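J.: Starting from these lines, generate the structure:
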Amino acid sequence: MDDLVMIKKTFWKNKRVLITGHTGFKGSWLSLWLNKLGAEVFGISLEPDSKPCLFSQASVGSLISESHLIDICNLEELRDVIFRIKPEIVFHLAAQPLVIKSYHDPIETWRTNVIGSLNLLESLRDLRNVCSIVMVTTDKVYENREWDFGYRENDKLGGKDPYSASKAACEIAISSWRSSFCGSKPNQNPFLAIATARSGNVIGGGDWAQNRIVPDVIRSIQEKKIIKIRNPYSTRPWQHVLEPLSGYLLLAEKLTYAQIDKKNNSINRFTDSFNFGPEIESNKSVLSLIKTIFKEWPGEWADISDPMSIHEANRLHLNIDKVFYNLYWEPRWSFSISVSRTINWYKNVYYKSTDALSACLNDIEEYEKYLD
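T.: Numbers count the residues shown, from 1 in each chain. Just a heads-up that it's a prediction; the model follows:
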């Protein structure tokens, strides 16, 4: 198919784009890419929760129009900022994104991931300009049955751990809010178009979160320590961070064009849920990922699996037929390319052969070559 993943650069020029969670790993990459595309980028987020953090390393705050450090659970403050910005595109990435942390603080996880998301939608409710909203959840929204095949968008939602359950609940809440408040009825807003995006496990330079495999491995290599692995044989759909971000950008474009062109009482067909995952060959075990990393930057690992530890899914895999046939999107970087680009980012920044911002822009420019 000749028109796969054709992000229209002219579409983004001077667009007012709001990113929640812009100080996070994915949010920082998305901010840099949108800035490169010529968008006017606004951010709402908490302070970065890791040191170092990509947001500071790449000086993201100096490149975007406005950066607001507020809690999405503060509805009044959130509404005030959004009313002033009047965004045309929103990417909602703000979340409590870690499974292990969700066991330690389940209430905060539910509050942020569900109530925070609804606060954002409620804050957008009075907009009177067309606004496309991509609500990012996770591949873990599905009731995990340890299947060998990929989950489809219409498979049952669920979650055993607090993080997965909160994201599944978020999907239901978003769907209900969209049905209730988007449309042409007296209590509805005809300008809003809302979709949810479910992506696989992302890797890429500049991720410094605790209890995520790549940053944990990088820290162990740099500190010359043995990396301890909880579940070496669990499989995940690994993909470079630029892969789902390209999907989010494309989805926002499709949402906007369809919302502008749609007739009264018609439904924008992109106001739905979409999986963004890698090709099947990128569904690898944690151990395969580690061994591939060690080919790029040698290190050591040890198995500390404990059958009595907290529950984490063993097998995850997304079916991406829907985005292929509806958005004409497909992943472009193989597993080996994704790992190589990721580890070389860390090596180059660590050994000061380049700075973090240049390393990110180099990866973005290289990825864009696959979109031409």
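
J.: what's around the spatially closest residue to residue 113 that is not a sequence neighbour, how many residues?
T.: Sequence neighbours aside, residue 166 is the residue nearest to residue 113 in space, at 4.0 Å (criterion: CB to CB, 6 or more residues apart in numbering). Heads up, the C-betas are built off the backbone N, CA and C, glycines and all. By the measure other CB atoms under 10 Å, the count of residues near residue 166 is 27.

J.: how would you label residue 166: helix, strand or coil?
T.: Look at residue 166: counting by DSSP: H, G, I helix; E, B strand; the rest coil, its state is helix.

J.: Is it in contact with residue 116, as I believe?
T.: No - contact criterion CB atoms under 8 Å: residue 166 and residue 116 do not qualify, at 10.2 Å.

J.: Need phi/psi at the residue nearest to residue 258 when sequence neighbours are not counted.
T.: Excluding the flanking residues, the one nearest residue 258 by CB to CB, 6+ apart is residue 268, at 4.5 Å. Main-chain torsions, residue 268, degrees, to the nearest 10: phi -70, psi 110.

J.: Residue 268 contacts residue 192, doesn't it?
T.: No - using CB under 8 Å, residue 268 is not in contact with residue 192; the gap is 9.6 Å.

J.: so what sits against both of the two?
T.: In terms of CB atoms under 8 Å, 6 or more residues apart in numbering, residue 268 and residue 192 are not both contacted by any residue.

J.: The two - which one has more neighbours?
T.: Shown here are residue 268 and residue 192; by other CB under 10 Å, residue 192 has more neighbours (25 against 21).

J.: separation between the closest residue in space to that one that isn't next to it in sequence and residue 79?
T.: Computed as CB to CB, 6+ apart, the closest residue to residue 192 that is not its neighbour in sequence is residue 182, at 5.0 Å. Going from residue 182 to residue 79 by CB to CB, to the nearest Å gives 18 Å.

J.: These two: which is more packed in?
T.: residue 182 (22 against 17).

J.: Low-confidence stretches in the chain?
T.: The model of the chain has pLDDT under 70 over residues 1-6, 307-313.

J.: And the helices in it, which stretches?
T.: 9-12, 25-37, 54-57, 75-85, 99-104, 106-110, 116-124, 162-181, 213-222, 242-261, 286-296, 321-326, 335-350, 356-369 (DSSP state H).

J.: okay if I get these as JSON lines plus distance to residue 198?
T.: JSON lines is the format used below for these (distance: least, CB to CB, whole Å):
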{"stretch": "helix 9-12", "distance to residue 198": "23"}
{"stretch": "helix 25-37", "distance to residue 198": "13"}
{"stretch": "helix 54-57", "distance to residue 198": "23"}
{"stretch": "helix 75-85", "distance to residue 198": "24"}
{"stretch": "helix 99-104", "distance to residue 198": "16"}
{"stretch": "helix 106-110", "distance to residue 198": "18"}
{"stretch": "helix 116-124", "distance to residue 198": "14"}
{"stretch": "helix 162-181", "distance to residue 198": "8"}
{"stretch": "helix 213-222", "distance to residue 198": "20"}
{"stretch": "helix 242-261", "distance to residue 198": "9"}
{"stretch": "helix 286-296", "distance to residue 198": "21"}
{"stretch": "helix 321-326", "distance to residue 198": "10"}
{"stretch": "helix 335-350", "distance to residue 198": "18"}
{"stretch": "helix 356-369", "distance to residue 198": "21"}
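
J.: which stretch among these comes nearest residue 149?
T.: Judged by CB to CB, the one of the helices of the chain that comes nearest to residue 149 is helix 321-326, at 11.4 Å.
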